[in-house]
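**Student:** model this:
(2 chains)
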Amino acid sequence: MARKKQAQPGHNSAAADELRVYIERIERLESDKTEIAQDIKDAKAEAKSRGFDVKAIEKIVKERSETEEQRRRRKETEDLTDVYRAALGMLDGTPLGDSARERLSKRPEDKPAPEDSGQGEEPATNQRATLTAEDIASAKDAGRQACRDGKRVIDNPYTAGDPRRAAWDEGWCFEAGSDGMDIPSAWRRSEKKKPAKPDAPKDGEPGEQPDDGEE
Amino acid sequence: MRKVRSISPTPLHLSKETEELRRALRGRGEVLEPHEAEEPILASVVRGAMFGWLAELNAREELSAVGIKPRASALLSGPPGCGKTTLAHHLAARLGVPMVNVGAEHIIDSAHGGSEKNVAHLFNAIEDFGKPCILFLDEIDSIGGKRKDTSGDLGGAVTAGNSTLTVLLRKVESFNGILVAATNRADTLDQALWRRFGMQIEVALPDDDARWAILKRYGEPFLFDEDLLDCLTELTDGAAPSLLRQLMEGVKRLLVLGERIRQPATSAAAAFGAIAAQTKPHPDYESPLLWSQTGKALEEITRAAKGQWPPARKEAPETGNKDAA
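**Tutor:** Model prediction:
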């Protein structure tokens, strides 16, 4: 089989000159590469000295250089990882994870606390001193409104220990005219079905008399 | 990408705080979130007592201004299945705090000194947690029974029981949180333990309105006729909520599977008769009419049903989670 003929440079031949050009070009590029690597290293060091996380920066740079296909694959893997974390109860710790966990664990009717302004678990202690009578009255009104809106007494949006929680509860009970442990109306028998009490007759209302046994 | 719905999701009901508490307990109790509480169906006297206690707990500062503290513990007693746990959980939900539900299985240890250690660790963990929660000791008679004389040779179990109770007494005495305990054997409790509870509330069997509500609740999504529910309310006088639940769930089961299991619920009397034969109140309690005079009771059920059988079924609400099914 015939072998491909390779250039065999002789001493001071034209081929030797051409080869030298290639080698010097490569050497120059290698030198540039080292220089650029050093520049990148310096940029990272500078970013680090300014308080940035170098690993995170590297990740972003890598992501920005991705092709459309690479980006799509990465997103798929990330989504699936989140699902696995969720399934294992490992979503705590990151703002996005916390938000996802909250979203997954909350029932649809749960709503954030009104006027809570993202204070989280702190209002009970930190805000207690700054709460005014108006705040308490407003929480009580919110409780009354929640009752009118058909919310449950345990849907109180304020955190434990927050005085507004008690006010909300009080408002709810006041509006419902009960202690909050009343039998829900859906499970209560209609008034006309209740056994008539001899000391509480209702006058003039048709259908008040029990008609049992007339079938 | 793999579809999210194809993965069986783990219920993620635990908040960060609850998860922290659960970890601190190291298996010595189960943590229930406030939002998981169910509506209690209770007699008015029990509700009154709980409402008063709730008001006390919510007015801690007002009370401390006059030198008194709200009561911090209650003992709930009454027949099994009357909603003691539900009541305690409701209280936790009203206060917005998690409830640590502790049973005998979380405390009693076969190793010598293990139960005492578990009691101490439980209370310490809750104190160290530092945030409010309700400690619920279910079936407290299992560790809080009267102390026995150990002068004879009664074996290590009696000594261990007494010793566990001693630790419990000390811990209950110094506990700063809210403690609720439940028992259906109040008479067997140690006197010193009994005395340590700020309130002793009897959660009695449900009255007429409560029974009606329970029958209606556990009959859903079937819409049982109100006359039939009235009749059942009368016939189940003296039944615990748990028995009423068994009854209604049994009938629902028949309505769904009756044909398949060759027990078709052809009439109200047939359905309730079949389930009454499979469920029984405890022999210690007086049997409600449905079980003591079943024949007569079924005739009344037939009359009340007025031939309207099977009951209509309520439309299922849109949950928006069809894929997960």
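
**Student:** give me the neighbour count for the residue nearest to A:G171 when sequence neighbours are not counted.
**Tutor:** Nearest residue to A:G171 in three dimensions, chain neighbours excluded: A:G143, at 2.8 Å (C-beta to C-beta, 6 or more residues apart in numbering or on different chains). To be clear about C-beta, it is placed using only N, CA and C from the backbone, and glycine gets the same treatment. Using other C-beta atoms under 10 Å in any protein chain shown, A:G143 has 29 other residues around it.

**Student:** my guess is A:G143 contacts A:W172. True?
**Tutor:** Yes: applying C-beta atoms under 8 Å, one finds A:G143 in contact with A:W172, separated by 4.0 Å.

**Student:** quickly list what's touching both of these two.
**Tutor:** A:N156 (C-beta atoms under 8 Å, 6 or more residues apart in numbering or on different chains).

**Student:** now B:W309, what's its secondary structure?
**Tutor:** coil (DSSP: H, G, I helix; E, B strand; the rest coil).

**Student:** circling back to that earlier point, and the residue nearest to A:G171, how far from chain B?
**Tutor:** In this view, A:G143 and chain B are 12 Å apart by C-beta to the nearest C-beta, to the nearest Å.

**Student:** tell me which element that residue is part of?
**Tutor:** helix A:133-148 (DSSP states H and E).

**Student:** what's the answer for B:V180, then?
**Tutor:** strand B:178-183.

**Student:** packing partners of that strand?
**Tutor:** Judged by 3 or more C-beta pairs under 8 Å, 6 or more residues apart in numbering or on different chains; DSSP states H and E, strand B:178-183 is in contact with strand B:73-77, helix B:84-95, strand B:134-137, helix B:141-144.

**Student:** pLDDT of the last one, averaged?
**Tutor:** Meaning helix B:141-144. For helix B:141-144, mean pLDDT is 86.

**Student:** can you name the next helix or strand after it?
**Tutor:** Heading C-terminal from helix B:141-144 (DSSP H and E), you reach helix B:156-174.

**Student:** what's the neighbour count on the residue in the stretch 151-300 of chain B positioned nearest to chain A?
**Tutor:** Proximity of the stretch 151-300 of chain B to chain A (C-beta to the nearest C-beta) peaks at B:A213, 3.9 Å away. Residues lying near B:A213 (other C-beta under 10 Å) number 24.

**Student:** could you do B:P221 as well?
**Tutor:** 12.

**Student:** so what's the spatially closest residue to it that is not a sequence neighbour up against?
**Tutor:** Leaving aside its chain neighbours, B:P221 sits nearest to B:K314 (4.1 Å; criterion: C-beta to C-beta, 6+ apart). Contact partners of B:K314, counting by C-beta under 8 Å, 6+ apart, are B:E220, B:P221, B:F222, B:L223.

**Student:** show the pLDDT at B:K314.
**Tutor:** Confidence score, pLDDT, at B:K314: 79.

**Student:** equivalent analysis for A:E170, please.
**Tutor:** If you check A:E170, the pLDDT there is 89.

**Student:** again with A:D212
**Tutor:** 40.

**Student:** report the buried residues of the helix or strand where B:R22 lies.
**Tutor:** Assessed by DSSP H and E, B:R22 sits inside helix B:16-25. Neighbour-count burial for helix B:16-25, with 16 or more other C-beta atoms under 10 Å in any protein chain shown as criterion, is recorded at B:E17, B:T18, B:E20, B:L21, B:R22, B:A24, B:L25.

**Student:** ok, B:L205 touching B:G83?
**Tutor:** No: in this structure, B:L205 is not within contact of B:G83 by C-beta under 8 Å, at 10.2 Å.

**Student:** more neighbours: which of these two?
**Tutor:** B:G83 (26 against 21).

**Student:** which residues does stretch B:63-72 contact?
**Tutor:** By C-beta under 8 Å, 6+ apart, stretch B:63-72 touches B:W53, B:E56, B:L57, B:A59, B:R60, B:F175, B:N176, B:G177, B:I178, B:L179, B:G198, B:M199.

**Student:** pLDDT averaged over it - what is it?
**Tutor:** 88.

**Student:** okay, now the domains of the chain?
**Tutor:** I went with chain A, as the question did not name one. What automatic domain parsing lists as the domains of chain A is A:20-60, A:67-110+A:123-187.

**Student:** my bad, chain B
**Tutor:** According to automatic domain parsing, the ranges for chain B are B:15-202, B:208-313.

**Student:** make JSON lines from those and add distance to A:T77 to it.
**Tutor:** JSON lines is the format used below for the domains of chain B (distance: least, C-beta to C-beta, whole Å):
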{"stretch": "domain B:15-202", "distance to A:T77": "26"}
{"stretch": "domain B:208-313", "distance to A:T77": "42"}
